[in-house]
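In: this one's sequence-less:
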């Protein structure tokens, strides 16, 4: 029996972990809700730390709130190998997004220890704080902080209740100064060796093609738009249609323009209006103010920048036709980031050695890997998502598919540990 | 000097009243906000009652919360003449909508008393409770109750906080049983003689034509739509455009369809989407649920019913194209209601006798008059609105225009008092 053949995950143990973590959630919400800074998230993190300890990891929480489980290697001076993902969810989300990478990596540690396999390098299993986007307009809080990308400006951003991000950290028991200093730990390239993340695809490609493993080629860039439409409040019963400056009509035109751009995108380009906000108004008033949140994503950098320009022009033009002012603010959540070619090669070799089919594909979703890529080369392994669904209660990946992913993940980590 | 020549309003006194009432409002909101059941509204009503008393009216508050100021006539057995309007506002509304009818009628009472003019009939000056639409989806609370149109089902409706309308009444010091019993006072036709309401036009017609007085021919019917769009939550970064069931896109199509129907309307037909509500969601999720509030109004009954059918078909068709379920619930806020021909004739004669220009025009806005019309023949007098603006802080009518309206109002009331 080779090492690879001996390294088998336990579906029962893994299934029990998935089920137990799934019980920790907002009790009154549909689906699975465990958003950053919430009480269920606080509880779930204690549970994750205890599972890490039970697997034999030395657990610490860094200044940025990342839970780091360390499996010491034979060569303490060697740059560490890093894996992990996140355990927070969107509102009414699912049970697999992020969770598979954290629990799957803990399972890898158990598999290694059961088989008395020691790595040369320290293996860090990280449960990154708050990967999902939040009201502060920031995803990947923990990995951003580790990568030194979180700033004091970010800490001054406010949520819908007007509370600063820094205050939310403090309420959660994390000193804002400590959050900013967390980056010092791995500052500069070289402290970390490689980053490998196991994740559900969150799209339909693997399932449709009957392929077990996705080897991520690149993570899509995300450009975000906040558009403020300012028209004029008028009596909805008396203001003639032609004299109106209806902000909601201008926003509706913009929603359709966003979709139109997305539909014209190349492979793995999408555009979505995720929210329209209006101040509480009377039912008899022509809406005067609407705020719109939209985003465009692609691994095609040229399309993304062209589409952003076209969309901006279209929204402004349509708004002007309705006499509505449109104020557009674009920001880049992350630029498109290719996965490291060598790490991709290690993953495909691992899958081949186990006789598991794989497919190269880009990631439309963003991941902590985008930020950790500032510290070391990164790669990602995808497992199939049923019907391509994610960020919803129907999100599902079979235990068998997760187990296959964990085997490839373990094999690739062993190979990366050996790589110079 | 004829009676009509002697009956002059005092612009100073009227202006002071308008200014004083305008100070009673939500202090932290833009514009003038005095919504039903709010603290500012409670205060403003005490002020209105005190101004009525100072004008010599006997003031009572009926079970439905209407403030009724009675000027006793010479013939106590004669059916009473009724005037009035409302002093609540929409959120961030103006200073004239409703207020002109209440304060203008109090001014008429002062003018009559100063000139020792006694009416044959009791004159009731009513400040109707909560005329503006509220979170319960009910406008004209006070006049509906008086007309016997308020039901226990209405009292069970809930606002956004889940509080029943009946509870809101009780918190405001009005027993729900008393609200329902208020109709007994004038039950059946004959108890009241005529209803005449002075109001700002809230539209641009009078100003554009340079006409002082509008004689209302009919009040537009209002059909309301609540549409629930149910699509599917998907990850905004990974779900292919063609596979989405985006509820916000379907709702945006509906917003534009509403506008299109309104733009195709005959004179005084309008259609407006006044609100889109989405549950709080994550910024990374394709919206799955949107609720839309829209309304169509017209004095053309045929167009209104045809346009409602066309709009419903269009919304459902577009939603289906996006794989989104659309559940449409229509309700009739009020059917189109013609003003009484004889009352219109009295108003035009009054304007002619004072040498004041008038124009017949329909009302796109609804009014308490719609409901009081169940109890007696009604008519309405409009005065110009600057730029046709209303339900907004910019709402404005010159004191001179209000004074002209009050003169015609007084003259018409005198004539209606004499009419058998």
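Out: Yep, that arrived. All values derive from a computational prediction rather than experimental measurement.
In: Look at the closest residue to residue A:174 other than its chain neighbours and report its pLDDT.
Out: In this structure, residue A:174 finds its nearest non-sequential neighbour in residue A:65, 4.9 Å apart by Cβ to Cβ, 6 or more residues apart in numbering or on different chains. Using the backbone N, CA and C atoms, a C-beta is placed for each residue, glycine as well. pLDDT for residue A:65: 98.
In: what's the neighbour count on residue A:65?
Out: Using other Cβ atoms under 10 Å in any protein chain shown, the number of residues around residue A:65 comes to 23.
In: measure it to chain B for me?
Out: 19 Å (Cβ to the nearest Cβ, to the nearest Å).
In: and if you look at residue A:296?
Out: 10 Å.
In: quick one on the thing from earlier: you'd agree the residue nearest to residue A:174 is up against residue A:172?
Out: Yes: counting by Cβ atoms under 8 Å, residue A:65 does reach residue A:172; the two are 7.0 Å apart.
In: Is the residue nearest to residue A:174 located within a strand, as I assumed?
Out: No: counting by DSSP: H, G, I helix; E, B strand; the rest coil, one finds residue A:65 to be coil, located in no strand.
In: Give me the phi and psi angles of it.
Out: phi 90, psi 10 (degrees, to the nearest 10).
In: what sits against it?
Out: Taking Cβ atoms under 8 Å, 6 or more residues apart in numbering or on different chains as the criterion, residue A:65 is in contact with A:129-130, A:141-142, A:145, A:169, A:172, A:174, A:179.
In: Walk me through the domains of chain A.
Out: A:3-220+A:336-418, A:221-334 (automatic domain parsing).
In: could you dump these to a markdown table with distance to residue B:198?
Out: Formatted as a markdown table, those follow (distance: least, Cβ to Cβ, whole Å):
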| stretch | distance to residue B:198 |
| --- | --- |
| domain A:3-220+A:336-418 | 43 |
| domain A:221-334 | 16 |
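In: For residue B:13, find the nearest of those.
Out: Proximity to residue B:13 (Cβ to Cβ) singles out domain A:221-334 among the domains of chain A, at 28.1 Å.
In: residues from the stretch 301-420 of chain A in reach of chain B?
Out: Within the stretch 301-420 of chain A, the residues that sit near chain B (Cβ under 8 Å from any Cβ of the partner chain) are A:363-366, A:388-392.
In: can you redo those as a markdown table with secondary structure?
Out: Formatted as a markdown table, these follow (three-state DSSP):
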| residue | secondary structure |
| --- | --- |
| A:363 | strand |
| A:364 | coil |
| A:365 | coil |
| A:366 | coil |
| A:388 | helix |
| A:389 | coil |
| A:390 | coil |
| A:391 | coil |
| A:392 | coil |
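In: Present the residues you listed as TSV; the columns should include pLDDT, neighbour count and distance to residue B:359.
Out: Listed next are those as TSV, based on pLDDT from 0 to 100; neighbours: other Cβ atoms under 10 Å in any protein chain shown; distance: Cβ to Cβ, whole Å:
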residue	pLDDT	neighbour count	distance to residue B:359
A:363	94	27	66
A:364	91	26	60
A:365	91	25	62
A:366	91	23	62
A:388	92	21	62
A:389	91	24	60
A:390	90	31	61
A:391	89	30	57
A:392	89	24	57
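In: ok, back up a step: pull up the gap between the residue nearest to residue A:174 and residue A:370, please.
Out: According to Cβ to Cβ, to the nearest Å, residue A:65 and residue A:370 sit 18 Å apart.
In: Where does pLDDT dip in the stretch 51-200 of chain A?
Out: Within the stretch 51-200 of chain A, the ranges that satisfy pLDDT under 70 run A:188-189.
In: Do you have the helices of it handy? List them.
Out: A:99-114, A:141-146, A:152-156, A:165-171, A:176-181 (DSSP state H, counting those that start in this stretch).
In: How about the stretch 251-400 of chain A?
Out: Applying DSSP H, counting those that start in this stretch to the stretch 251-400 of chain A gives helices spanning A:301-321, A:341-353, A:369-372, A:399-418.
In: Residue A:369 touches residue A:195, doesn't it?
Out: Yes: at 6.2 Å, residue A:369 counts as touching residue A:195 under the criterion of Cβ under 8 Å.
In: Give me the common contacts of these two.
Out: Common neighbours of residue A:369 and residue A:195 (Cβ under 8 Å, 6+ apart) are A:378-379.
In: and residue A:309, how many residues sit next to it?
Out: Using other Cβ under 10 Å: residue A:309 sits among 11 other residues.
In: hmm, back to that, would you point to the one among the helices of the stretch 251-400 of chain A that's packed deepest?
Out: Most buried of those by mean neighbour count (mean count of other Cβ atoms under 10 Å in any protein chain shown) is helix A:369-372; its value is a mean of 27.
In: which helices and strands does it pack with?
Out: Here helix A:369-372 touches helix A:141-146, strand A:192-200, strand A:213-219, strand A:378-383, going by 3 or more Cβ pairs under 8 Å, 6 or more residues apart in numbering or on different chains; DSSP states H and E.
In: Dump the ones you listed into CSV; add distance to residue B:409 and mean neighbour count as well.
Out: As requested, those are arranged in CSV below (distance: least, Cβ to Cβ, whole Å; neighbours: other Cβ atoms under 10 Å in any protein chain shown):
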stretch, distance to residue B:409, mean neighbour count
helix A:141-146, 64, 30
strand A:192-200, 71, 27
strand A:213-219, 70, 24
strand A:378-383, 75, 28
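In: Out of those, which is closest to residue B:246?
Out: Short answer: strand A:192-200, nearest of the helices and strands packed on helix A:369-372 by Cβ to Cβ, at 21.5 Å.
In: Which elements pack onto that closest one?
Out: Strand A:192-200 packs on strand A:80-86, helix A:99-114, helix A:341-353, helix A:369-372, strand A:378-383, helix A:399-418, going by 3+ Cβ pairs under 8 Å, 6+ apart.
In: Could you quantify the relative orientation of that strand and helix A:99-114 as an angle?
Out: Put simply, strand A:192-200 runs at 120 degrees to helix A:99-114, going by axes from the mean of the first three to the mean of the last three Cα atoms, to 10 degrees.
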